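Engineer: Need a 3D model of the sequence below.
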Amino acid sequence: MVRTVAVIGAGTMGAGIAQMCSQTGWKTNLFDAFPEGLEKGMATIDAFWDKGIARGKTTPEQKLEWSANLHAISDLEEAVSQADLVIEAVPEIVSLKHGIFAQLGQMAPEHCILATNTSGLSISDIAEASGRGDKVIGMHFFNPVPLMKLLELIRADTTSDETAAIAESVGAAMGKTTIMVNDIAGFATSRLGVVLGNEAIRMLAEGVASASDIDTAMVLGYRHPMGPLELTDLVGLDVRQHILNNLAEVHGDEKYRPHPLLNALVAEGSLGKKSGKGLYDWSSGEKSERDMPDY
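Structural biologist: Okay, here's the model as predicted:
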C-alpha cells in the first residue's frame, strides 16, 4: 500500500506529479537538487491551487488539506528513506537518470517501487542502474499533470507483476486512465506524438499553411484537444528534438530525425512556451504567429 511518495525533480512535470500525489492523500516529499528549483516548484503548486479557489473549483479547506501532505525536502536520502513509491521526473538525460537510480537503489526501502517519468528512454536501461529491476517501471505522465487523464505505464522485461499492479493502482487512485505498453523506444504516445509534430513542422516550413491553421485542422478535423504545433510548444521543442533523435538512433530510421526548422529553433533558444517563443510567439502571454528562422 502506498502511503508516502517521493517525487524527484521539481520542474513542470515533477511539480504536477507531486501536486497530484498530495491531492490523492499521500504524504508527498518533493525533492530538487537546486534550492531555487524546489522553491519554484512549490510556488507553482500553490499558484495552481489558488487559481482553482478563484475559479470555484477548489475550496480553501481542500488547499489546507493538500498542503499538509506536501513537503519540500532538499536532501535526497531524507526524501526517499521512508517512501513506498519514488517517481523520478528529472530532464531526459540518460546519465542523470542512471545516477539517480543508482542512488535510489541504495537509499530507498527494499519494498519501494521506483518509477521514471521518461517519455522515451529505455526503462530496462534505467532499471539496471538501480540494481533492483523488478521494482522499476515507467510512469509517463502528461502536461499539465493535474488535468490530463492518461498515464502511460511502461513495463521492462524485469518489471514484476506486483510492481505493474501497484503502478496501475496508483494511477487509478489519482483518477488516471492507465495503459500498459512494452519497453520499446518511443513507447506508444511519444512515438505517435513526435512524428505528428515533426510532420506539422515540415508543413509549416514548406508553407502549406500557417501554424494556427495547421493546428485548427487537427483540432476541428480530427477532434484533437490541441494542435500538434501548439502541443510541441507546450512540451518543449528541445524535448521533442531529443526524443526524435533518440528514436532515429534506436530504430535506425532517419524518418524520425527532427526537421531542420526544429533544429534551428532549438539552436536560437526558441524552446516553446517556457522560453516565450517557439513555433508561436508567447511573449505577450497569448500565442501569436511569428516569423521562422532560416535553416
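
Engineer: which SSE is Cys21 in?
Structural biologist: helix 12-24 (DSSP states H and E).

Engineer: Buried ones in the worst-scoring helix or strand of the chain on mean pLDDT, by neighbour count?
Structural biologist: In the chain, no helix or strand scores lower on mean pLDDT, DSSP states H and E than helix 237-251, which sits at a mean of 90. Using 16 or more other C-beta atoms under 10 Å as the burial criterion, the residues of helix 237-251 that qualify are 237-244, 246-248. Quick note: C-beta positions are derived from backbone N, CA and C, even for glycine.

Engineer: Need the residues that contact the helix or strand following the helix holding Cys21.
Structural biologist: Helices and strands here follow DSSP H and E; after helix 12-24, the next one along the chain is strand 27-31. With contacts defined as C-beta atoms under 8 Å, 6 or more residues apart in numbering, strand 27-31 is touched by 3-10, 14-15, 18, 21-22, 38, 41-42, 69-76, 78-80, 83.

Engineer: which of these count as buried?
Structural biologist: Of the contacts of strand 27-31, these count as buried by 16+ other C-beta under 10 Å: 4-10, 14-15, 18, 21-22, 38, 41-42, 69-73, 76, 79-80, 83.

Engineer: what does the domain assignment say about the chain?
Structural biologist: Using automatic domain parsing, the domain parsing of the chain gives 4-182, 189-275.

Engineer: Endpoints of the first one, how far apart?
Structural biologist: Pointing back at domain 4-182 there. Using C-alpha to C-alpha, to the nearest Å, one end of domain 4-182 lies 27 Å from the other.

Engineer: next helix or strand past the biggest helix by length in the chain?
Structural biologist: Taking DSSP state H as the assignment, the helix of the chain that covers the most residues is helix 35-54. Heading C-terminal from helix 35-54, the first helix or strand you meet, by DSSP H and E, is helix 60-69.

Engineer: need the buried residues of helix 237-251 in CSV with distance to Phe141, can you?
Structural biologist: Formatted as CSV, the buried residues of helix 237-251 follow (distance: C-beta to C-beta, whole Å):
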residue, distance to Phe141
Leu237, 20
Asp238, 18
Val239, 13
Arg240, 17
Gln241, 20
His242, 17
Ile243, 15
Leu244, 20
Asn246, 19
Leu247, 20
Ala248, 25
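
Engineer: Identify, from these, the entry nearest to Ser122.
Structural biologist: Asn246 (9.3 Å; C-beta to C-beta).

Engineer: Now do the closest one against Thr118, distance only.
Structural biologist: Distance, Asn246 to Thr118, by C-beta to C-beta, to the nearest Å: 10 Å.

Engineer: What mean pLDDT does the longest helix of the chain get?
Structural biologist: Mean pLDDT, helix 35-54: 97.

Engineer: Summarise which helices and strands it is packed against.
Structural biologist: helix 12-24, strand 27-31, helix 60-69, strand 70-73 (3 or more C-beta pairs under 8 Å, 6 or more residues apart in numbering; DSSP states H and E).

Engineer: Which of the ones you listed sits closest to Leu147?
Structural biologist: Taking C-beta to C-beta, helix 12-24 is the member of the helices and strands packed on helix 35-54 nearest to Leu147, at 8.8 Å.
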